[in-house]
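Visitor: Attaching a predicted model along with its sequence, questions to come.
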Amino acid sequence: MSVNLKVNGREVLVTNADHNEPLLWILREDLGLVGTKFGCGQAACGACTVHVGGVAQRSCVTTCSSVVGVEITTIEGLSTPNSLHPVQVAWTEMQVPQCGYCQAGQMMSAAALIAQNSQPSDAEIDAAMVSNFCRCGTYSRIRAAIHRAAHIARTQKV
């Protein structure tokens, strides 16, 4: 089957897709958007997080047929050609990544949080990020970066 998807502001046609195929593999294998990572395949680790209709969603358990007609944003589409997203700026400023494997999923979850809550508390950040795992343990830097990104977003009115 073929599916038409809206990915990072573009309409794309994916041919030879199984309607139950996880969005993760469509993004990585068919579209070459490899920033979205495979971690567990069970929606438990957060490495595969993308935005579907502006909401953080695990692409490893999201079928491609369930997102037809809905805007999908990957880490590659979070920024614009002219500027980085506040989360990306904050991640760099706060030197968050260590190995970096989970960071795209972390940033996508953080961006969704900030879009809904422009001034999250530590508890709200912890609740929103609880199912994004970082084997390197950069959680304190992630929380600090989310506070910084929220401040940048409020200042820039993103």
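Guide: All right, it came through fine. Residues are numbered from 1 along each chain as shown.

Visitor: which stretches of the chain form strands?
Guide: 3-7, 10-14, 49-52, 55-58, 71-73 (DSSP state E).

Visitor: Which elements pack onto the shortest one?
Guide: So that's strand 71-73. Under the contact criterion of 3 or more CB pairs under 8 Å, 6 or more residues apart in numbering; DSSP states H and E, strand 71-73 touches strand 3-7, strand 49-52. C-beta coordinates here come from the backbone N, C-alpha and C atoms, glycine included.

Visitor: Spatially central residue for the protein, please.
Guide: Met108 (2.6 Å; CA atoms, centre = their mean).

Visitor: and the gap between that one and Ile142?
Guide: Distance, Met108 to Ile142, by CB to CB, to the nearest Å: 12 Å.

Visitor: Under the pLDDT cut-off, which ranges of the chain? List them.
Guide: 157-158 (pLDDT under 70).

Visitor: re earlier: among the strands of the chain, which is nearest Asn132?
Guide: Asn132 lies closest to strand 49-52 among these, at 7.0 Å (CB to CB).

Visitor: Which residues outside the closest one are in contact with it?
Guide: Contact with strand 49-52 is made by 23, 27, 36, 56-59, 62, 67, 70-75, 104-106, 108-109, 111-112, 132, as judged by CB atoms under 8 Å, 6 or more residues apart in numbering.

Visitor: again, but for stretch 18-28
Guide: With CB under 8 Å, 6+ apart, stretch 18-28 has contacts from 1, 3, 5, 7, 14, 17, 33-34, 36, 38, 48, 50, 52, 59-65, 67, 72, 74.

Visitor: buried sites along it?
Guide: Glu21, Pro22, Leu23, Leu24, Trp25, Ile26, Leu27, Arg28 (16 or more other CB atoms under 10 Å).

Visitor: domains of the chain?
Guide: Domain ranges of the chain: 3-77, 86-156, per automatic domain parsing.

Visitor: just how off-centre is the longest one within its chain?
Guide: Looking back up the chat, that one is domain 3-77. Chain-centre distance of domain 3-77: 10 Å, with CA atoms, centre = their mean, to the nearest Å.

Visitor: Straight-line length of that domain, end to end?
Guide: With CA to CA, to the nearest Å as the measure, domain 3-77 spans 20 Å from end to end.
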